[in-house]
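1. Got a predicted model here, sequence first, then my questions.
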Amino acid sequence: MMIVMEPHAQEADIQRVVQRVREMGFTPHVSRGVERTVIGMVGRAPVQDPSTFLQLPGVQKVVPITAPYKLSSREFHPEPTHVQVGPVTFGSDVDIVIIAGPCSVESRSQLLETAHAVKEAGAHMLRGGAFKPRTSPYTFQGLGEKALEYLAEAREATGLPVVTEVMAPDAVDLVARYADMLQIGARNMQNYPLLRAAGRSHKPVLLKRGMSATIHEFLLAAEYLLSEGNWQVVLCERGIRTFETATRNTTDINAIPVLKQATHLPVILDPSHSTGHWNLVTPIARAAIAAGADGLIIEVHPKPDEALSDGGQSLKPERFAQLVREVKAIAEVVRQKTFVPAEERPNGR
Ligand code: PEP
Ligand code: MN
């Protein structure tokens, strides 16, 4: 349920509604938009008599939220949410965020070399897996806590905040001690105890879409995090399973505008996993930014042919630098959102 205030409602009117929401046993969530303030009622029980709010001064209407993913819906929170990770802001309308780094942290020198290279190329954050969710138990599983130490060292050396995957609820505290953002991977999108633990941690979370999850299921997974009180959530499309075998997964470009309309949470794309081939990463990264994504996460390795995981989809640093230049140019065009028809342009433009 949402209480929409009149555009000219006074602060005292808003506070009166907030007070009433609390008295009814719900938690108020105040969202102050440019035009008006909306107060959401957060709680598990149904609202007994919503029309009582209409008696209060400054209240324009009371609206039920129809989406089952209530807290993450645009209906509940019309303004975009900004997710802050150190100095980096996801979801702002002025800048996109680019996360880059190796699939796995393989050694101290590999990570530091990659971190410096991606920083130089313009990345805002560093990625690198410490605990790897590998399909086969016989392949490289990650360096564990040692990798977390290297990530923390790379952050000190470059100033880039770090994101890394957490695979189990009882590892959340450990990973949160080192990382600036917790990644929940595709294979764990529906690991509900993990979602609840990450929700309680209050660290920003990068939630990846399950490879066979619908958008509806994806948003309900995000709802687990929000309902535990963690609103610092960034959604990541990473490709879905289809009948197509030419690429590792199928990039669901549709998901970007669908999610942007359905939710206030920032949305980014992982074209490395969504394509599986290094030479498809840049074109699909361009498409994502053109479609309105708030950012990208890209796998970069100094020597992709020697990588212990996902070498075939990893970019060399110089190719990554070129990707950054291209997507920044597209982001400027997309975010400008103005179009001057030829006949209205002054001569010579
Ligand atoms: C990864 O980011 O390295 C990863 C394992 O991604 P996903 O969970 O999307 O497969
Ligand atoms: Mn990977």
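-> Thanks, I have the structure now. Numbers count the residues shown, from 1 in each chain. Ligands and ions are numbered 1, 2, ... in the order given.

2. now the residue of the stretch 151-300 of the chain found nearest ligand 1: how far from residue 7?
-> Of all residues in the stretch 151-300 of the chain, residue 185 sits closest to ligand 1, at 2.9 Å by C-beta to the nearest ligand atom. To be clear about C-beta, it is placed using only N, CA and C from the backbone, and glycine gets the same treatment. Residue 185 is 43 Å from residue 7, where distance means C-beta to C-beta, to the nearest Å.

3. Who has more neighbours out of the two?
-> Higher neighbour count among residue 185 and residue 7: residue 185, with 23 against 12, using other C-beta atoms under 10 Å.

4. Please name the residues that touch the residue nearest to residue 105 when sequence neighbours are not counted.
-> Distance criterion C-beta to C-beta, 6 or more residues apart in numbering; nearest residue to residue 105, sequence neighbours excluded, is residue 147 at 3.7 Å. By C-beta atoms under 8 Å, 6 or more residues apart in numbering, residue 147 lies in contact with 104, 105, 111, 128, 129, 130, 164.

5. now do 7 Å
-> Counting by C-beta atoms under 7 Å, 6 or more residues apart in numbering, residue 147 makes contact with 105, 128, 130.

6. The first one contacts residue 132, correct?
-> It refers to residue 105. No - in this structure residue 105 lies outside contact range of residue 132 using C-beta atoms under 7 Å: 9.3 Å.

7. The two: which is more packed in?
-> residue 105 (29 against 21).

8. Dihedrals phi and psi, the residue of the stretch 151-300 of the chain closest to ligand 1?
-> With angles defined as degrees, to the nearest 10, residue 185 sits at phi -80, psi 170.

9. Next one, pLDDT for it please.
-> Reported pLDDT at residue 185 in the predicted model: 98.

10. for it, what are its contacts?
-> 133, 165, 208.

11. Just confirm yes or no for stretch 143-163 near ligand 2.
-> No - using C-beta under 5 Å from the ion, stretch 143-163 stays clear of ligand 2, coming no nearer than 12.7 Å.

12. Convert that stretch to CSV, retaining C-alpha atoms only.
-> Taking C-alpha atoms only, stretch 143-163 is exported to CSV below (Å, rounded to 0.1, in the frame of the first residue of the first chain):
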residue,chain,number,x,y,z
LEU,A,143,42.0,-19.0,-3.8
GLY,A,144,39.4,-18.3,-1.1
GLU,A,145,40.5,-15.9,1.7
LYS,A,146,43.9,-15.4,0.2
ALA,A,147,42.1,-13.9,-2.8
LEU,A,148,40.1,-11.6,-0.6
GLU,A,149,43.4,-10.3,0.9
TYR,A,150,44.7,-9.6,-2.6
LEU,A,151,41.5,-7.8,-3.5
ALA,A,152,41.8,-5.6,-0.5
GLU,A,153,45.4,-4.9,-1.4
ALA,A,154,44.4,-4.0,-5.0
ARG,A,155,41.8,-1.6,-3.6
GLU,A,156,44.5,0.1,-1.5
ALA,A,157,46.8,0.3,-4.5
THR,A,158,44.2,1.7,-7.0
GLY,A,159,41.4,3.2,-5.0
LEU,A,160,38.9,1.0,-6.9
PRO,A,161,36.2,-0.5,-4.7
VAL,A,162,35.9,-4.3,-5.1
VAL,A,163,33.1,-6.7,-5.7
